[in-house]
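A.B. asks: let me see the structure of the following:
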Amino acid sequence: MITLKKIAEETGYSISLVSRVLSPKSGQISYASAATRKIILQAKERLNYRPNRSAEFLRKGKAPVIGVFLPDTADDLIADLVVGMSEKAEERLFPLSLSFGMSGDSYAHFIAKTRDHVHCGIITYSFFGSDEITRLIRKFHDESGKLVLLNGAVSLPGVPFVKMDEYEGGCIAARRFLDRGCRSFLCFGDYTGRTRGFTETLKTKDIAATVIHNTDTAGAEELAQRCLETPALRPLGVFAVTDRLALRLMQLFQSKSLAVGRDVLIIGYNDNILVDEFVPPLTSIHQPFRKMGRMAVEKIVNMVYGNEETSESLNPSLVVRGSG
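C.D. replies: Have a look, this model is predicted:
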């Protein structure tokens, strides 16, 4: 096993200097010049040095484990998130302890388990909005728990979060329809930031978008009927707040001989797997969940070592295909 002593012998520097250069703690790097740091870091890579996280945290009475709580959904977005977290955790040599759930009880169990095993920090998807969940998160944070929040309803002062800018996603959809020369605009579904970004972007152009809140069969039929009754207002731009809703609409429109991609332009949201296999393939808003996972782990590890972290929002992007 390669130790700090071995790197010190290899480079000719003291163990204490090598330790300061390789420490992730804030402010330590300033003790060494750029040239010295380069020599030590090159030796680290050449010798394949890997710090002993277990020994490091055992002295502190903690485990070098990051607790993670995510929604229990069969979703490729969550899969991307886990992949991103795993990649960054492997880079930083911190194991993850994953928990999944969709209830207050499952979340309370996660917090209790995290305390019992004295994890060094947690990353939590704050999709619960209840007072009890907020209390649990706040209590964990107040007890000096290192914490990063992901997408969701809970926001706490002093707790950094990483989230998707869903408002911008709606704006992107509206701008795409404007660029394509649409003459009428509808939003199928109401999904907070997504819907608001769509309607407010159009409002800046003095265009009123119709929002159809009812997303069941009756609501879809209502939307299709609007398209059939207003041929002069084609192409019609329809923003569906999820890919699932968008694909339902595509099938319905095609059954009524409305050409998707010509008479009606459709944009979905999430860029789910296989949406490019439909005819026409679905234009959708992509969310960089893999990047979010990597960023969350980087932040919690930095916080574990005493560094301050800020909140960040990630912008989605448009994946253009045949439907819009």
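
A.B. asks: pretty sure residue 185 sits in a strand.
C.D. replies: Yes. Per DSSP: H, G, I helix; E, B strand; the rest coil, residue 185 lies within a strand segment.

A.B. asks: quick one: it and residue 202 touch, right?
C.D. replies: Yes. In this structure, residue 185 is within contact of residue 202 by Cβ atoms under 8 Å, at 5.7 Å. For glycine as for every other residue, the C-beta is placed from the backbone atoms N, C-alpha and C.

A.B. asks: got a list of what residue 289 touches?
C.D. replies: Taking Cβ atoms under 8 Å, 6 or more residues apart in numbering, we find residue 289 in contact with 77-78, 80-81, 84, 164.

A.B. asks: roughly how far apart are it and residue 295?
C.D. replies: 10 Å (Cβ to Cβ, to the nearest Å).

A.B. asks: what do you get for residue 136?
C.D. replies: 24 Å.

A.B. asks: dump the residue contacts of the residue nearest to residue 286 when sequence neighbours are not counted.
C.D. replies: Nearest non-adjacent residue to residue 286, counting by Cβ to Cβ, 6 or more residues apart in numbering: residue 271, 3.8 Å away. Listed by Cβ under 8 Å, 6+ apart, the contact set of residue 271 reads 243, 284-287, 319.

A.B. asks: kindly state the pLDDT recorded for residue 271?
C.D. replies: If you check residue 271, the pLDDT there is 95.

A.B. asks: just checking, what packs against the biggest strand by length in the chain?
C.D. replies: Longest strand of the chain, by residue count under DSSP state E: strand 63-71. Here strand 63-71 touches helix 53-58, helix 76-92, strand 96-101, helix 104-116, strand 119-125, helix 289-304, going by 3 or more Cβ pairs under 8 Å, 6 or more residues apart in numbering; DSSP states H and E.

A.B. asks: buried sites along the fourth one?
C.D. replies: Of the residues in helix 104-116, 107, 110-111, 114 count as buried by neighbour count, 16 or more other Cβ atoms under 10 Å.

A.B. asks: specify which member of those residues is nearest to residue 96.
C.D. replies: The shortest approach to residue 96 among the buried residues of helix 104-116 belongs to residue 114, at 12.1 Å (Cβ to Cβ).

A.B. asks: the closest one contacts residue 67, correct?
C.D. replies: Yes. Using Cβ under 8 Å, residue 114 makes contact with residue 67 at a distance of 4.3 Å.

A.B. asks: grab the nearest non-local neighbour of residue 250.
C.D. replies: residue 260 (5.2 Å).

A.B. asks: er, residue 151 actually
C.D. replies: residue 163 is the one closest to residue 151 (Cβ to Cβ, 6+ apart), at 4.8 Å.

A.B. asks: what ranges do the helices span in the stretch 151-300 of the chain?
C.D. replies: Secondary structure of the stretch 151-300 of the chain, counting by DSSP state H, counting those that start in this stretch: helices at 166-179, 193-203, 217-229, 243-255, 289-304.

A.B. asks: flag every buried residue along the first one.
C.D. replies: Yep, that's helix 166-179 we're talking about. So for helix 166-179, counting by 16+ other Cβ under 10 Å, buried means 166-177.

A.B. asks: again, but for stretch 261-268
C.D. replies: With the criterion 16+ other Cβ under 10 Å, stretch 261-268 contains buried residues 261, 263-268.

A.B. asks: CA atoms only for it - export them in PDB, please.
C.D. replies: The C-alpha trace of stretch 261-268 is given here as PDB (Å, rounded to 0.1, in the frame of the first residue of the first chain):
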ATOM      1  CA  GLY A 261     -44.200  17.800 -37.200                       C
ATOM      2  CA  ARG A 262     -46.300  19.800 -39.800                       C
ATOM      3  CA  ASP A 263     -49.800  20.600 -38.700                       C
ATOM      4  CA  VAL A 264     -48.900  20.200 -35.000                       C
ATOM      5  CA  LEU A 265     -45.500  20.600 -33.500                       C
ATOM      6  CA  ILE A 266     -45.000  18.800 -30.200                       C
ATOM      7  CA  ILE A 267     -42.200  19.200 -27.500                       C
ATOM      8  CA  GLY A 268     -42.100  16.900 -24.500                       C
END
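
A.B. asks: distance from that stretch to the middle of the chain?
C.D. replies: Distance of stretch 261-268 from its chain centroid, counting by Cα atoms, centre = their mean, to the nearest Å, is 27 Å.
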